[in-house]
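> Need coordinates for the following:
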Amino acid sequence: MDAPTLGGAKVAMGDGRTIRLPRGASLTDLAERIDVNPAALVAALFSLGEVVTATQSVGDETLELLGAELNYDIQVVSPEDEDRELLERFNIEFGENEGIDEDLQSRPPVVTVMGHVDHGKTKLLDAIRHTNVVSGEAGGITQHIGAYQVRAHQGEDSERAVTFIDTPGHEAFTAMRARGAKVTDIAILVVAADDGVKPQTIEALNHAQAADVPIVVAVNKIDKEGADPTKVRGQLTEYGLVAEEYGGDTIFVDVSAKQRQGIAELLEAVLLTADAALDLRANPDQDAQGVAIEAHLDKGRGPVATVLVQRGTLRPGDSIVAGDAHGRVRAMLDEFGHTLEEALPSRPVQVLGLTSVPGAGDTFLVVEEDRVARQIANTRQARERNAQLAQSRGRRTLEDFLKQVERGAVEELKLILKGDVSGSVEALEDALVKLDVGDDVSLRVIHRGVGAITENDVTLASASDAVIIGFNVRPEGKSRELAERENVDVRYYSIIYQAIEDVEAALKGMLKPEFEEAQLGTAEVREVFRSSKFGNIAGCLVRSGTIVRNSKARLVRDGVVVADNLTVGSLRRFKDDATEVREGYECGIGLGSFNDIKVDDVIETFEMREKERA
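Residues are numbered from 1 along each chain as shown. Next comes the predicted model:
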């Protein structure tokens, strides 16, 4: 087949074969795979209305569009497939082969506590663990994920471990809640008996059902006045959760976290559900693998990650890679800060010794050598950076470019996000990028990180005219002085929805004001007086509202607007000047230099008022 000309360059048509490319690949990467000049692909995309350079990270849709035009089936490799292919290069198997059946041993269930904000999730965990977590939370709202292991009695003599993951209840933490459901075996859905099913209850239920995990319902606050556990059971029946007493298979337990009632029954229900519905076994003899539940930067200890071991056994000295962070396990601590020598499957532990802070939800695995861990982490870093570049740039078409030129530069709010733990930073970014206040302003997160606000952050903000948002963190060293000297706006928050509201208000403030017309009054022309000094004067009767001097006006004749953009230049009552004339009174109106006024015309006056944006 002849090579067609696209954008002035000849590009050979493909044979329909499949080309696999990583996320954020550039046109140069594609050109190497199909053996063409990158410049030809740039020209080809230009002819299709896309403005892209040869080395720029390109979005998935753009690559697929170009592939269809050149008769190639371009498939963008998913993050999971990318990771699998990366680990295969190092002969590492993740999460698939746990050995023969004899190698598997029973492990504790991992339980996620989910539900609507303020329905008592943390208070319930509080009662289970006999600690006081809720008093230390900003606004009484859980801001990150915690993981804990407790001992539960089953029968008189038997005692078994249960791992709990506490996920936040605020709607901004949807991503974190979903992540909690992905690593869990059983979900406890907490519903307040006095409040019933709420939108976030349904949202949490959807996450648990999507993850295909059994659900135990804890009907909390049964000690409060107006509590109605029966109503909760009836409401949840509509969403497919039918209580055992109604002939269903979902265990409902009435509890009072405040009075510590029903806690033993709830733990027993969790163990019963685990035994009945799940085969909870793992191989403790292989290299440890699992998930980073949470991570933060500790001033004295460096990066600290809370990891959940899903298979294998984690020990101090192991070479570990978690997401794009790597290192050697320097120490392991339980939820009370006690040192551990080993972590078996389903055990959550804090790990010290990583070189950087992993992302909440990143998988971790133990490898043979530090060199392998470093190579995997560096490859993941580069891959994620390319994917973010492609995502942040988005698709920019010629039409977009022309529209932007026509209406002037788009206002852009640039943000630098710093937080105490990676889950909060991710959840905050996720909520902020979803803010939609129109096409005239945009928001871009130019940097995100975990830990105190540094001088580098302030310097970047100063250079790029960005605002720094600190979530449960403060400036370190001389950062505060540098921020004041450079006039960098630094905002501090401890509750996530306050940050979201402030950023949304800032975006709306960057919008050009919208105006709407507000009618002031109408006047009917009864007679026209001709003046050599003032031109034609309309003798009028005010029919409605008020005629105000210097207000905007239009002239209507036989129901048709014959003149717009007029101004009430003069307004008189008899021989006296007036600032306004009310309905039912007569007046003389001069419309400046406009003289085409006839009897029975109607003069409408109005003003433009700024419209409050929704």
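> can we go C-alpha only for contacts and neighbour counts from here?
Fine.
> Below-threshold pLDDT in the stretch 351-500 of the chain: ranges please.
387-411, 437-440 (pLDDT under 70).
> can you map out the strands along it?
363-367, 411-419, 441-450, 467-471, 490-493 (DSSP state E, counting those that start in this stretch).
> I'd like those as a markdown table, with distance to Thr313 appended.
Shown next, in a markdown table, are the strands of the stretch 351-500 of the chain (distance: least, CA to CA, whole Å):
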| stretch | distance to Thr313 |
| --- | --- |
| strand 363-367 | 9 |
| strand 411-419 | 31 |
| strand 441-450 | 28 |
| strand 467-471 | 34 |
| strand 490-493 | 38 |
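> the helices in the stretch 51-200 of the chain, which residues?
Listed in chain order, the helices of the stretch 51-200 of the chain (DSSP state H, counting those that start in this stretch) span 60-69, 79-89, 121-129, 174-182, 199-210.
> and Ala483, which of those helices is closest to it?
helix 174-182 (31.6 Å; CA to CA).
> which other residues reach the lengthiest strand in the chain?
In the chain, with assignment by DSSP state E, the single longest strand is strand 514-531. Residues outside strand 514-531 that contact it (CA atoms under 8 Å, 6 or more residues apart in numbering): 536-548, 583, 597-613.
> Helix or strand next in line after it, which one?
Next helix or strand after strand 514-531 toward the C-terminus (DSSP states H and E): strand 535-548.
> next SSE after that next one?
Next along from strand 535-548, by DSSP H and E: strand 552-557.
> can you state the direction angle for that following strand and strand 535-548?
120 degrees (axes from the mean of the first three to the mean of the last three CA atoms, to 10 degrees).
> How about the contacts made by the residue lying closest to His153 once chain neighbours are set aside?
Of all residues not flanking His153 in the chain, Glu159 sits nearest, at 4.4 Å (CA to CA, 6 or more residues apart in numbering). Contact partners of Glu159, counting by CA under 8 Å, 6+ apart, are Arg151, Ala152, His153.
> What subset of these is buried?
Ala152 (16 or more other CA atoms under 10 Å).
> Check the gap between the residue nearest to His153 and Arg151 for me.
Distance, Glu159 to Arg151, using CA to CA, to the nearest Å: 6 Å.
> Likewise for Ala292?
For Ala292, the distance to Arg151 - CA to CA - is 23 Å.
> what about Ile469, how many residues close to it?
The local packing count at Ile469 equals 23, with neighbours defined by other CA atoms under 10 Å.
> sorry, that was for Gly470
Quick note: Gly470 (other CA under 10 Å) scores 25 neighbours.
> now swap in Ala276 and tell me
9.
> Quick check: nearest residue in space to Met332, chain neighbours excluded?
With CA to CA, 6+ apart, the residue lying closest to Met332 is Val351, at 4.9 Å.
> That neighbour: what's it in contact with?
Val304, Ala305, Thr306, Val307, Val329, Arg330, Ala331, Met332, Leu333.
> go on, Gly67?
Asp73, Ile74.
> Tell me which stretches of the stretch 101-250 of the chain form strands.
105-106, 110-115, 146-154, 158-166, 186-192, 215-220.
> least reliable of these going by mean pLDDT?
Lowest mean pLDDT within the strands of the stretch 101-250 of the chain: strand 146-154, at a mean of 78.
> what does that one contact?
In contact with strand 146-154 (CA under 8 Å, 6+ apart) are residues 128-129, 159-167, 264, 267-268, 271, 293-294, 306, 335, 347-348.
> before we move on, what about stretch 295-307?
Counting by CA under 8 Å, 6+ apart, 146-147, 290-294, 348-360, 364, 420-423, 450-451 sit against stretch 295-307.
> Determine which residue of this structure is most distant from the centre point.
Ser532 (68.2 Å; CA atoms, centre = their mean).
> Now for the residue nearest to Arg573 when sequence neighbours are not counted, how many residues are close by?
Using CA to CA, 6+ apart and skipping the chain neighbours, the partner closest in space to Arg573 is Cys587 (4.9 Å). Cys587: 25 surrounding residues under other CA under 10 Å.
> Pull up the per-residue confidence for Cys587.
pLDDT recorded at Cys587 is 94.
> Over to Ala325?
91.
> Centre-most residue in this protein?
Taking CA atoms, centre = their mean, the chain has its central residue at Asp430, 1.6 Å away.
> That residue and Ile496, how far apart?
11 Å.
> before we move on, what about Leu41?
44 Å.
> neighbour count winner among those two?
Leu41 (25 against 21).
> Which strands or helices does the helix or strand containing the more buried one pack on?
Element membership of Leu41 [criterion: DSSP H and E] is helix 38-47. Judged by 3 or more CA pairs under 8 Å, 6 or more residues apart in numbering; DSSP states H and E, helix 38-47 is in contact with strand 5-6, strand 9-10, helix 27-34.
> Counting neighbours, which bits of that helix end up buried?
Those would be Pro38, Ala40, Leu41, Val42, Ala43, Ala44, Leu45, Phe46, Ser47, for helix 38-47 by 16+ other CA under 10 Å.
> Ok, stretch 478-494 next?
Ser479, Arg480, Leu482, Ala483, Val488, Val490, Tyr492, Tyr493, Ser494.
> Val458 is in contact with the fourth one, correct?
Yes - in this structure, Ala483 is within contact of Val458 by CA atoms under 8 Å, at 5.9 Å.
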